[in-house]
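Asks: Sequence first, predicted model second:
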Amino acid sequence: MPLLARSWELILLGLHLGVAILASGHAILHKREVRAAIGWTGLIWLAPLYGSLLYYLFGINRIHRKARVLKPAPQRYSPSPHEVAGPPLARELPRSVRDMERYERRLTGRALALGNRVTPLRNGDEAYPAMLEAIEGARGSVALGTYIFDNDRAGAQFLRALHGAVVRGVQVRVLIDGVGARYSKPSMVRRLRAAGVPVAEFLPSVLPWRNPYLNLRNHRKILVVDGRVGFTGGLNIREACMLALNPRHPTQDTHFRLEGPIVAHLACCFAEDWHFATGERLAGADWFPTLEPCGASACRGIMDGPDDNFEQIWFTLLGALENARRRVQIVTPYFLPDETLIAALNTAALRGVEVDILVPRHGNLRFVEWAMTAQAGHVMDQGCRIWLTPPPFDHTKLMVVDEAWVLFGSANWDPRSLQLNFEFNVSCYDGDLGAQLAAFVDDLRGRAQRLEAEALQRLPLWIRLRNGAVRLLQPYL
């Protein structure tokens, strides 16, 4: 009997050694952060078999690998003659902004689109009428991609406009994220199909309920009409964004109307997502017409997701902070930057750059709000200022640098947007637009309350412990 027990011990020891060598080797080769590699390797060897099992379940980044498997063939379009590989930006723009264009071009590999008109639209009260008017005037095509399309009064308006376009013979395609489609019941997908509107879900969820923490979500918000007019930003389709209706949970937001060659960047992004979801390729002049310049903004679309475009927006944020010389203004509903971004924010502040970060005083995701509070002190260490905007909850995603470079779109300052979701942002080089949006942020800051480090220190111990514990879940929030 002792011999048999000894044999089992040797078998388990051999199994542990073999599995531990494989698991720790994988961690050493694939973990970019040294501390993560050390932590997982220690757990693997100090907790025989269990450590290796935990690493297999939670340590391997399957998000990037799965996204590569799922990624469709990219949709190609003919570049506009007004897209340029070089930086012929207006000389009156700061040197820092012109340096940013070179950095961004190398990062994305995408040419700069010149001659665009960019119009900010505040809340659904301004954005929805403009979007509906564009759909109702469509003659060739309508491409609408959104994370949330609620079955409510706002959704009903878009349903009528999309149905009307189909009746007129317009080619209509609607893409809704598989989780976002479950934010209201019954799902708007069913109503759209009943109305004869071609609609698809992006990675439908197997869960019967919505789960905002699921990975690989299509968080993009894109509307392109006749390939000539585009809309993008942070706005979903839901009546909560129509403040004039006095909704139960009002949500402020900022969206943008785009005209000019930049619209092709939006159309290409939607076409790639649609091909992945349905297998259909969109092509032809109805979807990709020749676009002429019509404004003064130089723009670039930035596609981001856990695939070939991995962390492009993250690197864009780093580049913008590095190139900033006078002022950085950030508006975001969820602010959970990683250590690298925190260091970049603090470095900019130490160089004398004014760094103002505006977040809602009361968030709509409790865990995220607790983690943000726990992390705020680290962000403010070297002079960055955090401002708490009053209700209603503001879902705006905006960054302005030196009042001349602007970044807007669907991405938040959190790991989910910067690593796990499919996002779309637009960068703009335009002094007039930068000054306009800087003034908007200043006005918002004038109504906000500055968060003081002393206020964080006065929080009860149990709240600080709770917030700090939730912060450990940051990669999953």
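Replies: Perfect, thanks for sending it.

Asks: low-confidence ranges in the stretch 101-250 of the chain?
Replies: Within the stretch 101-250 of the chain, the stretches with pLDDT under 70 are 205-215.

Asks: Check whether R464 really touches A376, as I assumed.
Replies: No - R464 is beyond contact range of A376, at 11.5 Å (criterion: C-beta atoms under 8 Å). Just so you know, the C-beta spots here come from the backbone N, C-alpha and C atoms, and that holds for glycine as well.

Asks: Specify which residue of these two has the higher count of neighbours.
Replies: For R464 versus A376, neighbours defined as other C-beta atoms under 10 Å are more numerous around A376 (22 against 16).

Asks: where does the more buried one land in three-state SS?
Replies: A376 falls in the helix class when you classify it by DSSP: H, G, I helix; E, B strand; the rest coil.

Asks: Then A285?
Replies: Applying three-state DSSP: A285 is coil.

Asks: Ok, I330 next?
Replies: strand.

Asks: That one: how many residues sit nearby?
Replies: Other residues within reach of I330, judged by other C-beta under 10 Å, total 26.

Asks: Now for G140: which residues touch it?
Replies: Residues in contact with G140 (C-beta atoms under 8 Å, 6 or more residues apart in numbering) are 170-171, 226-227, 285-287.

Asks: from those, which would you call buried?
Replies: 170-171, 226-227, 286-287 (16 or more other C-beta atoms under 10 Å).

Asks: need those residues in TSV with distance to T316, can you?
Replies: As requested, the buried ones among the contacts of G140 are arranged in TSV below (distance: C-beta to C-beta, whole Å):
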residue	distance to T316
V170	34
Q171	33
D226	29
G227	26
D286	31
W287	27
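
Asks: any idea which of the contacts of G140 is the one closest to Q457?
Replies: Using C-beta to C-beta, G227 comes nearest to Q457 of the contacts of G140, at 54.6 Å.

Asks: measure the closest residue to the closest one other than its chain neighbours to D273 for me?
Replies: Leaving aside its chain neighbours, G227 sits nearest to P289 (4.6 Å; criterion: C-beta to C-beta, 6 or more residues apart in numbering). Here the criterion is C-beta to C-beta, to the nearest Å. By it, P289 lies 20 Å from D273.

Asks: CA-only coordinates of stretch 188-204 in PDB, if you can.
Replies: Backbone C-alpha positions of stretch 188-204 (Å, rounded to 0.1, in the frame of the first residue of the first chain) are rendered in PDB as follows:
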ATOM      1  CA  MET A 188     -36.300  46.400 -31.500                       C
ATOM      2  CA  VAL A 189     -34.700  43.700 -33.800                       C
ATOM      3  CA  ARG A 190     -38.000  41.900 -34.000                       C
ATOM      4  CA  ARG A 191     -40.000  45.100 -34.800                       C
ATOM      5  CA  LEU A 192     -37.500  46.200 -37.500                       C
ATOM      6  CA  ARG A 193     -37.700  42.800 -39.200                       C
ATOM      7  CA  ALA A 194     -41.500  42.900 -39.100                       C
ATOM      8  CA  ALA A 195     -41.300  46.300 -40.800                       C
ATOM      9  CA  GLY A 196     -39.100  44.800 -43.600                       C
ATOM     10  CA  VAL A 197     -36.000  46.600 -42.500                       C
ATOM     11  CA  PRO A 198     -32.800  44.500 -43.100                       C
ATOM     12  CA  VAL A 199     -31.300  44.200 -39.600                       C
ATOM     13  CA  ALA A 200     -28.600  42.000 -38.000                       C
ATOM     14  CA  GLU A 201     -27.100  41.500 -34.600                       C
ATOM     15  CA  PHE A 202     -23.300  41.700 -33.900                       C
ATOM     16  CA  LEU A 203     -22.300  38.600 -32.000                       C
ATOM     17  CA  PRO A 204     -25.700  37.800 -30.500                       C
END
